[in-house]
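Asks: Fold the following, please.
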Amino acid sequence: MSKPYSVTKFSTYQITVIILLALTQFTVVLDFMVMSPLGDILMKSMNMTTTQFGFSVSSYAFSAGISGLLTAGFADKFDRKKLLQFFYIGFIIGTFLCGISTTYPMLVAARVFTGIFGGVIGSISMAIVADLFLLEQRGRVMGFMQMGFGASQVLGIPISLYLANHWNWEAPFLMIVVLALVVWVLILLKIKPITKHLETKNEKNAFKHLLHTVRQKDYRIGFLATAMLSLGGFMMMPWGSAFAINNLHVTAEQLPLLFMVAGIATLIIMPVIGKLSDKIDKLKLFAIASLWLIVVVLIYTNLTPVHISVVMVLNVLMMMGIMSRMVPSMALVTALPKLHDRGAFMSINSSLQQIAGGIAAAIGGMIVVQKDKYSPLENYNILGIVITILTLIAIYMVYRVSKLIKARMHKDVL
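Replies: Numbers count the residues shown, from 1 in each chain. Below you'll find the predicted structure:
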């Protein structure tokens, strides 16, 4: 007889794994996110146009997505610990190359290299979570792992901006390299081999395994749900700072404070959402968070200049909605694949997430316009309407995922 959800506790080893995966997530997320706040310094240092800077950001997402698809067929054929170490050391090398880049082409090449390795780490981590934790524990695990996102805002971005202001833009990348090397060594020493999936007989070659995974109807529903989540989630992100400064009259000096306040809120909210996700129906929690997000986004995208405190509150409320969707939805999606398909599924899922994010940024760039670099952004309210439509579609897709999982659980009981 299984334990009730509320008393399914983590072992000491599981807690160690959660901490190391969260730290891994922190370094990868910070490496991706730090490009935006460093944009002004980078463009001035390398004489980049805004278009060139945009490409240097999106190049990571697209290379990460393509890399995930190419490696998906191999994801279930190796010890997941070794796979994590291999891609993480590649990510560290790529980040180091970013930190020593002296020209725009070098920086783009370094970002592509970093994306090839960094884009796969999230999917490997999700596969490890699915292997080592019961479904009724995964909401809490996802909550702690998503704290890497909040920690990157609370600690990572303000520290990165401080280092960049006192030395140069290269300093944050070199800081990430040092931290990531420490985490890599701890993974080597503390995490045991993760090979249970190798016991399942699977004679397909890598390409056939990839095709087999894509052909599964249930899996495709999960992929589409993830893509819809990413389209809505990434569409506002690249333009957040420009909207705050040019439309809401937030100063450049106040921006780090905005990141920090939203990040602190995320760190507080995530464990709570994780626990709720393990105690109540994950679909219900996702739907409530999505409707919450729609309301806040529609208010925020129509906002005119207000006091900084109002902007902070709305940013916190928006972050609550965004992150509260990710925890239950990712916990549900990780329950879709069978054990022998899990690594491939997570790789494809992560790839689609990255590619959809790149597409969302591109679509956002076509919707939002700016006459010159000092003028307010126009059509930002249209962006809010598009995000609302995508969010409603995402609710339906996650409903279908939840329905599939409940049907499977009912079948297993019978």
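Asks: and the residue nearest to Ala110 when sequence neighbours are not counted, helix, strand or coil?
Replies: Leaving aside its chain neighbours, Ala110 sits nearest to Leu97 (3.9 Å; criterion: CB to CB, 6 or more residues apart in numbering). The C-beta positions use only the backbone N, C-alpha and C, and glycine is treated the same way. Using DSSP: H, G, I helix; E, B strand; the rest coil, the structure places Leu97 in helix.
Asks: what's the burial count for Leu97?
Replies: Neighbours of Leu97 under the rule other CB atoms under 10 Å: 18.
Asks: Over to Gln85?
Replies: Using other CB under 10 Å, the number of residues around Gln85 comes to 17.
Asks: and it, what does it touch?
Replies: Residues near Gln85 by CB atoms under 8 Å, 6 or more residues apart in numbering: 184, 187-188.
Asks: Would you reformat the residues you listed as TSV and include distance to Leu231 and secondary structure?
Replies: Listed next are those as TSV, based on distance: CB to CB, whole Å; DSSP: H, G, I helix; E, B strand; the rest coil:
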residue	distance to Leu231	secondary structure
Trp184	33	helix
Ile187	32	helix
Leu188	37	helix
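Asks: Next, format those as TSV and append neighbour count.
Replies: Below are these laid out as TSV (neighbours: other CB atoms under 10 Å):
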residue	neighbour count
Trp184	19
Ile187	18
Leu188	11
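Asks: need the contact list for the spatially closest residue to Met46 that is not a sequence neighbour.
Replies: Once flanking residues are discounted, Met46 sits nearest to Tyr104: 5.1 Å by CB to CB, 6+ apart. Tyr104 makes contacts with 46-48, 52, 56, as judged by CB under 8 Å, 6+ apart.
Asks: So which other helices or strands are in contact with the helix ranked longest in the chain?
Replies: Looking across the chain with DSSP state H, the single longest helix is helix 380-413. For helix 380-413, the packing partners by 3 or more CB pairs under 8 Å, 6 or more residues apart in numbering; DSSP states H and E come out as helix 217-234, helix 282-300, helix 308-333, helix 342-367.
Asks: out of those helices, which comes closest to Phe32?
Replies: With respect to Phe32, and counting by CB to CB, the nearest of those is helix 342-367 at 9.6 Å.
Asks: Centre of the chain to that closest one, how far?
Replies: Distance of helix 342-367 from the chain centroid (CA atoms, centre = their mean, to the nearest Å) equals 10 Å.
Asks: quick one: it to helix 308-333, angle?
Replies: Angle of helix 342-367 versus helix 308-333, following axes from the mean of the first three to the mean of the last three CA atoms, to 10 degrees, is 150 degrees.
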